[in-house]
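**Q** Fold the following.
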Amino acid sequence: QVQLVESGGGLVQAGGSLRLSCAASGRTFSSFTMGWFRQAPGKEREFVAHISGSGGSTDYADSVKGRFTISRDNAKNTVYLQMNSLKPEDTAAYYCAATRGYSGSYIYPKNVGYWGQGTQVTVSS
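**A** The predicted structure follows:
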């Protein structure tokens, strides 16, 4: 069982930055691909970014490439999402995700093993 707790959401103006954090329980953190998804009201949950257990592989949604950076600190069981140049369309609840192993299919919400409770990000224009 893995428990995930997100933090760092909030209200920011367009063009601003936020850093989300997700702290995970358990002693096998490095064996999990860690990811971020988001869900806006009335829309489906969508992939944002993920990072392999070692941190050597990352993947991003096209909509955030060049603006968001995912990273992890395995010594602290924590994954981060640095969000720069935020846009109003980035407004959503952001969810941390953990899945054992690594696969390109982990960009699909149905394949995620564990979810955090979510943290709200609101970008004003």
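
**Q** helices or strands up against the host helix or strand of residue 22?
**A** Assigned by DSSP states H and E, residue 22 belongs to strand 18-24. Applying 3 or more Cβ pairs under 8 Å, 6 or more residues apart in numbering; DSSP states H and E, one finds that strand 18-24 contacts strand 4-7, strand 32-39, strand 78-83, strand 92-100, strand 119-124. For glycine as for every other residue, the C-beta is placed from the backbone atoms N, C-alpha and C.

**Q** partners of the first one in the sheet?
**A** What it means is strand 4-7. According to DSSP bridges, strand 4-7 forms sheet pairs with strand 18-24 (antiparallel).

**Q** residue contacts, residue 33?
**A** Shown in contact with residue 33 (Cβ atoms under 8 Å, 6 or more residues apart in numbering): 50, 51, 52, 53, 98, 99, 100, 101, 102, 103, 106.

**Q** can you do 6 Å?
**A** 50, 52, 99, 102, 106 (Cβ atoms under 6 Å, 6 or more residues apart in numbering).

**Q** If we ignore the residues flanking it in sequence, what's nearest the most centrally placed residue in the chain?
**A** Centre of the chain computed as the mean C-alpha position; nearest residue by Cα atoms, centre = their mean is residue 36, 2.0 Å away. Leaving out its chain neighbours, the residue that sits closest to residue 36 by Cβ to Cβ, 6 or more residues apart in numbering is residue 48, at 4.3 Å.

**Q** could you dump the helices and strands packed on strand 18-24 to CSV with mean pLDDT?
**A** Shown next, in CSV, are those (pLDDT from 0 to 100):
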stretch, mean pLDDT
strand 4-7, 97
strand 32-39, 97
strand 78-83, 98
strand 92-100, 97
strand 119-124, 98
